[in-house]
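>>> can you look at this prediction? I've put the sequence above it.
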Amino acid sequence: MLLSIQNDNYYLGTIILIILIGLLVVLIFLFIRRVITSIIDGLEIIYTLFSKRPAFVHFYPFIKKLNSNQTNILKQQFTFYNRLDAKHQRYFRHRLASFIDDKSFVGRDGFLITEEVKVLVSATALMLTFGFRDFIIHSVKSIIIYPTEYYSELNKVNHKGEFNASLKAIVLSWNNFIEGYRIENDKLNLGIHEFAHAIHFNSIYQDDINSVIFIDTFTQLRNMFSSNKNFKEKLITSEYLRSYAFTNDFELLAVILETFIETPQEFKRQFPEVYSKVKQMLNFNFSGY
Ligand SMILES: [Zn+2]
């Protein structure tokens, strides 16, 4: 009997010791990982001070795949994707599959969410973040789509779309999304406009390297406008940016991104300083830009 109790205590002690050693190993591992990531982050910040871009953008241990229908929609309908080389097209497809998995798509007023809807809306968002390492836009959890303009109970007017930060939602009217997307050079693109708001908001609250570059560069751009009244005046009188841009800083950024995506060459010719800042904000070094 005595021997049995001693044996029990011995086993219990051994188990507790193993658990404690296990916990210690986990803590040491977490500490080492923290130190290594801090060193890497520090090195990247130094690199970014000079290069104004992240040290790397794409790294995927596992590549997610789209189904063939989704891939066909992308190939047939999305110009930006078709301009990428084969390697970056693969990365884009991986990002698209991940983005579609991450977001919930909700149709309202009888609107049916199809594969085409998911692919075109998600690809629009991912085009904007294709120069970012963290591409998922955490400030958006759901994408709500109405067939046409919808009535907002909040401010009692019809809306074409909005980014709702408290609901973590992008709301779009499909007719306006499609019109913005099909006409590629009129500097009006509802999808880009609303996702620009979401990325802006996201970047304020995230501390990843692209968010830091995005916000710092936009601050430089705003300082450029406020310190040089002639320059801002020139921008307003040229009417190159539509007047809605000058409502507030959020609209300024959204209209600038719509204009940048749709008419890059004209933007570069008319306002090269602004153009290069936008390119830096998005790390947008792709064919045509
Ligand atoms: Zn807006």
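Nice, I can see it.
>>> am I right that V255 is in contact with H193?
Yes. Proximity of V255 to H193 meets the contact threshold set by CB atoms under 8 Å, at 7.3 Å. Yep, even glycine has a C-beta here, placed from its N, CA and C like the rest.
>>> ok, which stretches of the stretch 51-200 of the chain are strands?
104-107, 142-146, 150-152, 157-159, 161-164, 169-173 (DSSP state E, counting those that start in this stretch).
>>> show me the one of these that comes nearest the ion.
strand 161-164 (7.5 Å; CB to the ion).
>>> which helices and strands does the closest one pack with?
strand 169-173, helix 190-205 (3 or more CB pairs under 8 Å, 6 or more residues apart in numbering; DSSP states H and E).
>>> hmm, who's touching it?
In this structure, residues lying in contact with strand 161-164 by CB atoms under 8 Å, 6 or more residues apart in numbering are 139-140, 152, 169-173, 176-177, 190, 193-195, 197-198, 201.
>>> name only those of those that count as buried.
With burial judged by 16 or more other CB atoms under 10 Å, the buried subset of these is 139-140, 169-173, 176-177, 190, 193-195, 197-198, 201.
>>> re earlier: would TSV of the helices and strands packed on strand 161-164 with distance to the ion and mean pLDDT be doable?
Formatted as TSV, the helices and strands packed on strand 161-164 follow (distance: least, CB to the ion, whole Å; pLDDT from 0 to 100):
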stretch	distance to the ion	mean pLDDT
strand 169-173	12	97
helix 190-205	6	97
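>>> quick one: closest of those to I15.
Nearest of the helices and strands packed on strand 161-164 to I15, taken as CB to CB: helix 190-205 at 43.7 Å.
>>> name the helices or strands packed onto the closest one?
Partner elements for helix 190-205 (3+ CB pairs under 8 Å, 6+ apart): helix 115-128, strand 161-164, strand 169-173, helix 174-182, helix 209-227, helix 249-262.
>>> so I18: helix, strand or coil?
Three-state assignment for I18 (DSSP: H, G, I helix; E, B strand; the rest coil): helix.
>>> and the gap between it and the ion?
Distance, I18 to the ion, using CB to the ion, to the nearest Å: 58 Å.
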